[in-house]
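In: Quick one: sequence plus predicted model below, questions after.
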Amino acid sequence: MRTIGLIPGDGIGPEVAHAARRCIDATGVKIHWEILEAGVGVMAKYGTPLPEEVLAAIRKHRVALKGPITTPIGKGIRSVNVALRHALDLYACLRPAKLYEGAPSPYKQVDIVIVRENSEDLYAGIEFDDGAPETKELIQWLEAHQPKKLAPDTAISIKPISRRASVRIARYAFEYAVANGRKKVTAVQKANIMKFTDGLFLEAAREVAALYSGKVEFEERLVDNLCMQLVQRPEQFDVLLLPNLYGDIVSDLCAGLIGGLGVAPGGNIGPEVAVFEPVHGSAPKYAGQNKANPTATVLSGVMMLRHIGELQPADRLEQAVRSVIREGRYVTYDLKPRRNDSTAVGTQEMADAIISAIR
Ligand code: NAD
C-alpha cells in the first residue's frame with residue numbers, strides 16, 4: 001500500500017477532497033491517505049498556515065492531493081498555495097482543459113493543456129507597500145537609473161523571470177507534448193511590451209523549440225490575442241506554455257470553455273514531488289453546503305493516478321466521470337442547463353454516481 005498526502009484545504013475543499021478520495025479508493029488502488037492540515041485554520045496551533053510537518057510529509061510521500069485554500073485578498077497572509085509550490089520546487093503547473101460531452105459549453109471540441117511556470121513572475125511575492133521606507137528607497141533608486149518618474153504613493157511588485165526557469169518550463173512543455181502525442185506548443189507572452197522579462201521567456205521557448213523541430217510544432221501568441229482566439233476558435237490550440245500570471249488567468253478562461261471551474265483539474269509537478277489540485281479556489285459562499293462540483297478534484301485524482309503509474313484505474317475513473325457528465329442526471333448545479341435546476345445533486349451524490357459508473 002502506498003501513502004499519499006491529502007490536504008483537505010478550506011471552504012469547499014474538505015467536501016471535494018472527500019468526494020475525490022472516495023472515487024479514487026473505488027478504483028481499487030490501495031492508498032493510505034495521510035491527512036495534512038494547512039491554511040488559516042492551523043495558524044493558532046502551529047503559528048504558520050503551512051507547518052513544516054506538512055512539507056516534510058509531502059516530501060516523504062512524494063505525492064499529495066489537495067483541496068483549495070483561501071488567501072485573504074489585499075492584506076493578510078500570503079498564499080499558502082504559492083508557498084507550497086515554492087517550498088517543494090513544484091515548477092510546472094499542468095492544467096488540462098478537456099471538454100466532455102454533456103458539459104455546458106458552446107464549443108464542440110476543446111482539448112488544451114496549459115503548462116504554466118509556477119515559481120517566478122509576479123507570483124514570486126516580491127512586493128513593496130506604498131509609503132514603506134524600502135519602497136521610498138526603491139523609488140529613488142529607480143529614478144536614478146531610468147528616466148520614468150514614479151508617484152510617491154506607488155506600491156511596487158517585482159516580476160522576475162530567469163533564463164533557467166524559462167528553459168526548464170519550456171523543456172517540460174515539449175517533453176509533455178512528445179510523451180502525450182501532442183502536436184503543437186504555443187508560447188504565450190507579451191514580449192512586445194515587456195521586452196526583457198517576457199522577451200527572455202520567449203527567447204528560451206524558441207531555443208527549446210528548436211531542439212524539438214520536426215517533432216513538435218511551435219508557435220507564438222501575445223497573451224491578449226490568445227484570449228480572443230481561445231474564445232473564437234479554441235480547437236486550434238494544443239499545449240499552451242505560459243509564464244505564471246498569464247498561466248493563472250488563462251487557466252480560468254480555459255475552464256470557462258469546458259463547462260466551468262467545477263470541471264478543471266490540475267497538478268503542480270517538481271523534480272521530486274507532485275501535488276494535484278483543482279484549478280478552482282475555496283468558493284467560500286458554497287462551503288459546507290454539499291453543493292460544489294467534485295469533478296475538478298476527481299480529475300486531479302485521475303492525473304495523480306497516472307502520475308504514480310496507475311494508468312488503467314485512472315482511465316476507468318476518467319471514463320466514469322465522462323459517462324456521468326454525458327448522462328447529465330446526477331450532476332451538480334453548474335453542469336445543469338439552468339443554474340437553479342431542482343434536479344441538481346450534491347457533491348457527495350455526484351461522487352456516488354461516479355463510483356457507480358466505475359467499470
Ligand atoms: P473560486 O474558484 O473559489 O470560485 C469562483 C466561483 O467559481 C465560485 O463562486 C463558484 O461559482 C465557482 N466554482 C468554483 N469551484 C466550483 C466547484 N467546485 N463547483 C461549482 N462551482 C465552482 O475563486 P475565488 O472566489 O476567486 O477564490 C476564493 C478563494 O480561493 C480565494 O481566497 C482564493 O485566493 C482561493 N484560491 C485558492 C486556490 C488554490 O487553493 N489553489 C486557487 C484559486 C483561488
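Out: Received the coordinates, thanks.
In: Now the residue in the stretch 251-359 of the chain that the ligand sits nearest to: which helix or strand?
Out: Closest residue of the stretch 251-359 of the chain to the ligand, Cβ to the nearest ligand atom: G281 (2.3 Å). (Glycine included, C-beta is placed from N, CA and C.) Element membership for G281, per DSSP states H and E: none, as it lies in no helix or strand.
In: which one is it nearest to, not counting chain neighbours?
Out: Distance criterion Cβ to Cβ, 6 or more residues apart in numbering; nearest residue to G281, sequence neighbours excluded, is P68 at 4.7 Å.
In: How many neighbouring residues does the one you found have?
Out: Close neighbours of P68, defined as other Cβ atoms under 10 Å, add up to 29.
In: can you check E220 too?
Out: Neighbour count for E220, taken as other Cβ under 10 Å: 16.
In: Repeat that for the one 3 residues further on.
Out: Taking other Cβ under 10 Å as the neighbour definition, V223 ends up with a count of 19.
In: Hmm, it is touching A187, no?
Out: No: contact criterion Cβ atoms under 8 Å: V223 and A187 do not qualify, at 10.4 Å.
In: who touches both of those two?
Out: Here V223 and A187 have L242 as joint contacts, going by Cβ atoms under 8 Å, 6 or more residues apart in numbering.
In: Helices of the stretch 201-350 of the chain, residue ranges please.
Out: 223-232, 244-257, 295-307, 311-327, 347-357 (DSSP state H, counting those that start in this stretch).
In: now do the stretch 1-150 of the chain
Out: Going by DSSP H, counting those that start in this stretch, the stretch 1-150 of the chain shows helices at 13-25, 43-46, 52-61, 80-87, 133-145.
In: Let me know how buried R233 is, in neighbour terms.
Out: Neighbourhood size, R233 [other Cβ under 10 Å]: 10.
In: Distance check, it against R221.
Out: 12 Å (Cβ to Cβ, to the nearest Å).
In: Quickly list what's touching both of those two.
Out: Residues touching both R233 and R221 by Cβ under 8 Å, 6+ apart: none at all.
In: List the contacts of the residue nearest to L299 when sequence neighbours are not counted.
Out: Once flanking residues are discounted, L299 sits nearest to P265: 3.6 Å by Cβ to Cβ, 6+ apart. For P265, the contacting residues are 95-96, 276, 278-279, 295-300, 302-303, by Cβ under 8 Å, 6+ apart.
In: In contact with P68, which residues are there?
Out: Contacts of P68 (Cβ under 8 Å, 6+ apart): 9-13, 81, 277-278, 280-283.
In: Kindly recompute the last result at 6 Å.
Out: For P68, the contacting residues are 9, 13, 281-282, by Cβ atoms under 6 Å, 6 or more residues apart in numbering.
In: quick one, phi/psi of it?
Out: Backbone torsions for P68, taken as degrees, to the nearest 10, come to phi -70, psi 150.
In: circling back to that earlier point, burial measure for the residue of the stretch 251-359 of the chain closest to the ligand, as a count.
Out: A count of neighbours around G281, defined by other Cβ under 10 Å, yields 19.
In: Check P160 too.
Out: 13.
In: Helix or strand: which one has it?
Out: Assigned by DSSP H and E, P160 belongs to neither a helix nor a strand.
In: okay but it is in contact with D121, surely?
Out: No: the criterion here is Cβ atoms under 6 Å, and P160 misses it with D121 at 7.2 Å.
In: how near is the residue nearest to G281 to R206?
Out: To R206, P68 is 35 Å away according to Cβ to Cβ.
In: Spell out which parts of the stretch 251-359 of the chain neighbour the ligand.
Out: 261-262, 277, 280-283, 285, 292-293, 296, 334 (Cβ under 6 Å from any ligand atom).
In: end to end, how far does stretch 43-51 reach?
Out: 9 Å (Cα to Cα, to the nearest Å).
In: er, stretch 176-194 I mean
Out: Taking Cα to Cα as the measure, stretch 176-194 stretches 27 Å from start to finish.
In: do the same with stretch 148-162
Out: 24 Å.
In: thinking again about what came up before, how far away is the residue nearest to L299 from P294?
Out: Distance of P265 to P294, given as Cβ to Cβ: 11 Å.
In: okay, now the closest residue to N118 other than its chain neighbours: neighbour count?
Out: Ranked by Cβ to Cβ, 6+ apart and with sequence neighbours excluded, the top spatial neighbour of N118 is C93, at 4.4 Å. When counting by other Cβ under 10 Å, one arrives at 25 neighbours for C93.
In: Repeat that for N290.
Out: Neighbourhood size, N290 [other Cβ under 10 Å]: 16.
In: Now do it, the pLDDT please.
Out: According to the predicted model, the pLDDT of N290 comes to 98.
In: now do V29
Out: V29 is given a pLDDT of 98.
In: dump the residue contacts of it.
Out: 310, 313.
In: Next, give phi and psi for it.
Out: phi -70, psi 130.
In: Now do it against A17, distance only.
Out: For V29, the distance to A17 - Cβ to Cβ - is 17 Å.
In: Next, the buried residues of the worst-scoring helix or strand of the chain on mean pLDDT.
Out: Every helix and strand of the chain was ranked by mean pLDDT, DSSP states H and E. The lowest is helix 43-46, at a mean of 86. For helix 43-46, the neighbour count (16 or more other Cβ atoms under 10 Å) marks no residue as buried.
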